[in-house]
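**Student:** how does the following fold in three dimensions:
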Amino acid sequence: KMNNTRKLLIGILSAMTITTLSPVTSFATTVRKITYQYGQSIMSGPALKSGTYIATVEASSLDIYKSMTSNETIGKASKGDVFQILEDMGSGYARVSYNDVEGYMSIKTGDASIEELESVEAAAASATQKIMETKSANKREEIANFAKSFVGGRYIYGGTNPYIGADCSGFVKYILANAAGVGLPRTSSEQSTRGTTVASADQLQPGDLIFYGSGRSVSHVAMYIGDGKIVHASSARTGIKISNYNYRPIIRMANVIG
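**Tutor:** A predicted model of the protein is given here:
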């Protein structure tokens, strides 16, 4: 009879939406099938072995098929996606859960890396952590891409809608509200008091904010988009553009996304 903690963790695993899939040919001799029925784990499969397996996609993308005998796909996994393997099907393929639907995907060498976990509890913790890290990274890229889509737009002092025109603080306020659900004050000075300070430039992530000015007075804000670049509503002359992150004195760098 399982204790409540173990039941809870198994429940977490069975309820998770895992958006990934992956590989390694030699895995065919060491995988087990894991299903969940009334909170109990039932293990079987072509090569039953103690352990739980998760896979991380290494290929740029991998198709997820409806069945082993069909070319019909139900989705596509991207590099860095993480999933729990339900069953090794042999021939370099595995059965996985994709958005609550079972599918099949290549787990051949080069398509993904496989990690064996010692227990269901470890699987729950590791899979959850990897999935959240992946979602976080992907979300930040989405936020940065949304911001970059306005490059070439107009700078309008007091503007808060980059489709029409925005100033620096109105621009980042709009991006974060619409792409991340993060609410910010209206001015760059007020915005500079929010979030967690990023201690150094090498810790910046896409979506972080950088505040500029002189002394302790903040007069401008931009969004970091990666590779040492920012996107910002610069001026009436140059509009919304991309610049080097350190193009002027920095007062503070902040993570307002979490």
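**Student:** tell me which element the nearest residue in space to residue 248 that is not next to it in sequence falls in.
**Tutor:** Distances taken as C-beta to C-beta, 6 or more residues apart in numbering place residue 212 nearest to residue 248, at 5.0 Å, with adjacent residues excluded. Placement of C-beta: from N, CA and C, glycine included. Using DSSP states H and E, residue 212 sits in strand 209-214.
**Student:** partners of the next helix or strand after that strand in the sheet?
**Tutor:** Heading C-terminal from strand 209-214, the first helix or strand you meet, by DSSP H and E, is strand 217-226. When pairing is defined by DSSP bridges, strand 217-226 lines up against strand 209-214 (antiparallel), strand 229-235 (antiparallel).
**Student:** of those strands, which is nearest residue 115?
**Tutor:** Of all the strands paired with strand 217-226, it is strand 229-235 that lies closest to residue 115, at 33.5 Å by C-beta to C-beta.
**Student:** and the closest one, which residues are buried?
**Tutor:** Neighbour-count burial for strand 229-235 flags 229-234 (criterion: 16 or more other C-beta atoms under 10 Å).
**Student:** repeat for stretch 244-258
**Tutor:** 245, 251-257.
**Student:** CA atoms of it as PDB?
**Tutor:** The C-alpha atoms that make up stretch 244-258 are tabulated as PDB, following Å, rounded to 0.1, in the frame of the first residue of the first chain:
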ATOM      1  CA  ASN A 244      23.900  46.800 -28.200                       C
ATOM      2  CA  TYR A 245      22.900  46.300 -24.500                       C
ATOM      3  CA  ASN A 246      25.700  48.600 -23.200                       C
ATOM      4  CA  TYR A 247      25.300  51.400 -25.700                       C
ATOM      5  CA  ARG A 248      24.900  53.900 -22.800                       C
ATOM      6  CA  PRO A 249      25.400  53.900 -19.000                       C
ATOM      7  CA  ILE A 250      23.300  51.200 -17.200                       C
ATOM      8  CA  ILE A 251      21.700  51.900 -13.900                       C
ATOM      9  CA  ARG A 252      19.900  48.600 -13.300                       C
ATOM     10  CA  MET A 253      19.200  45.300 -14.900                       C
ATOM     11  CA  ALA A 254      16.100  43.400 -13.700                       C
ATOM     12  CA  ASN A 255      14.200  40.200 -14.200                       C
ATOM     13  CA  VAL A 256      10.500  41.000 -14.000                       C
ATOM     14  CA  ILE A 257       9.200  37.700 -15.500                       C
ATOM     15  CA  GLY A 258      10.400  35.300 -12.800                       C
END
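**Student:** hmm, who's touching that stretch?
**Tutor:** Stretch 244-258 is contacted from outside by 139-140, 143, 176, 180, 182, 184, 191-192, 194-198, 201, 204-205, 207-214, 216-218, 220, 222, 224, 228-230, using C-beta atoms under 8 Å, 6 or more residues apart in numbering.
**Student:** can you check stretch 152-170 too?
**Tutor:** Contacts for stretch 152-170 (C-beta under 8 Å, 6+ apart): 150, 171, 173-175, 184, 186-188, 191, 220-222, 232-241.
**Student:** what about burial for the contacts of stretch 244-258, which qualify?
**Tutor:** 140, 143, 176, 180, 182, 184, 191-192, 195, 198, 204-205, 207-213, 218, 220, 222, 224, 229-230.
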